[in-house]
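Have a look; sequence and predicted model below, questions after that.
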Amino acid sequence: METNPLVLFAHGKESGPWGRKIIALAAIARDCGCRVESPDFRSFPDAAERCRFLLELCGDVADELILVGSSMGGHVCLSAATALTPMGLFLMAPAIGLAGYAPVPPPAAFSCQIIHAWQDTVVPPAPVLAYAQEHQVPLQMLNSDHTLTSALPQIEVLFRFFLKDILAKQGSATC
């Protein structure tokens, strides 16, 4: 029996598992035939602990996996992807190049997309731009701040297109 891909959300340091962006993107993922999970990472204060937790959560996932991360969650998804090799990585304002965070590896996924904001003062654009260029990752820069809340309608369109593209390539459900 074929199962639908699992979209797993990793929230940021200052947010929770069912914030506004995750609720909106989870609805799109379900509409595209995917299952969704959004674990609570708040009891793990640093990215390395969150990465270990994510790897434990996904240890038994036999399904196709798509990781979606915001801020620290983006860092966690990039770090865990090396071991998990997900179908996709959709990263919003990923914590790349910040003091106190380990360097992230190249994106280990079949498809990767980064969304970032020009006015992000938490995760400055420069290291994210450099990472995207170095690893030739598609990057969409939006006129917003770190939360990307004002750009949510654009992110929804980009996420639907991202899912549609990778699901079609994998021969899975389509949106």
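Structure received. Numbers count the residues shown, from 1 in each chain.

in the chain, which spans are strands?
Ranges of strands in the chain, per DSSP state E, are 6-10, 35-37, 65-70, 88-92, 111-117, 139-142.

how about those, which one is nearest residue 159?
Residue 159 lies closest, by Cβ to Cβ, to one member of these: strand 88-92, at 6.1 Å. No exception for glycine: its C-beta is placed from N, CA and C like everyone else's.

Give the pairing partners of that closest one; include direction for each.
Take DSSP bridges as the rule and strand 88-92 pairs in its sheet with strand 65-70 (parallel), strand 111-117 (parallel).

Now the first one - C-alpha only, PDB.
Backbone C-alpha positions of strand 65-70 (Å, rounded to 0.1, in the frame of the first residue of the first chain) are rendered in PDB as follows:
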ATOM      1  CA  LEU A  65       9.800  13.000   3.500                       C
ATOM      2  CA  ILE A  66       9.600  16.700   2.900                       C
ATOM      3  CA  LEU A  67      11.200  19.000   5.500                       C
ATOM      4  CA  VAL A  68       9.900  22.600   6.000                       C
ATOM      5  CA  GLY A  69      11.900  24.800   8.400                       C
ATOM      6  CA  SER A  70      11.700  28.400   9.500                       C
END
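
Report the buried residues of that strand.
Buried residues in strand 65-70, counted by 16 or more other Cβ atoms under 10 Å: 65-70.

Closest one of those residues to residue 111?
residue 66 (8.7 Å).

so who does that closest one touch?
5-8, 29, 34, 86-90, 163, 166 (Cβ atoms under 8 Å, 6 or more residues apart in numbering).

Can I get the buried part of those as one ChimeraX selection?
Entered in ChimeraX, the line below selects the buried ones among these, by 16+ other Cβ under 10 Å:
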select :5,6,7,8,29,34,86,87,88,89,90,163,166
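
just curious, which of the contacts of residue 66 is nearest to residue 154?
residue 90 (13.3 Å).

Not counting sequence-adjacent ones, nearest residue to the closest one?
Excluding its sequence neighbours, the residue lying closest to residue 90 (Cβ to Cβ, 6 or more residues apart in numbering) is residue 68, at 4.5 Å.

okay but the one you found is in contact with residue 11, surely?
No: between residue 68 and residue 11 there is no contact under Cβ atoms under 8 Å: 9.6 Å.

Spell out which residues are contacts of both of those two.
Counting by Cβ under 8 Å, 6+ apart, the contacts common to residue 68 and residue 11 are residue 22.

Would you confirm that residue 64 contacts residue 171?
No: using Cβ under 8 Å, residue 64 is not in contact with residue 171, being 10.0 Å away.

CSV for the strands paired with strand 88-92, including distance to residue 47 and mean pLDDT?
Below are these laid out as CSV (distance: least, Cβ to Cβ, whole Å; pLDDT from 0 to 100):
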stretch, distance to residue 47, mean pLDDT
strand 65-70, 10, 96
strand 111-117, 17, 97
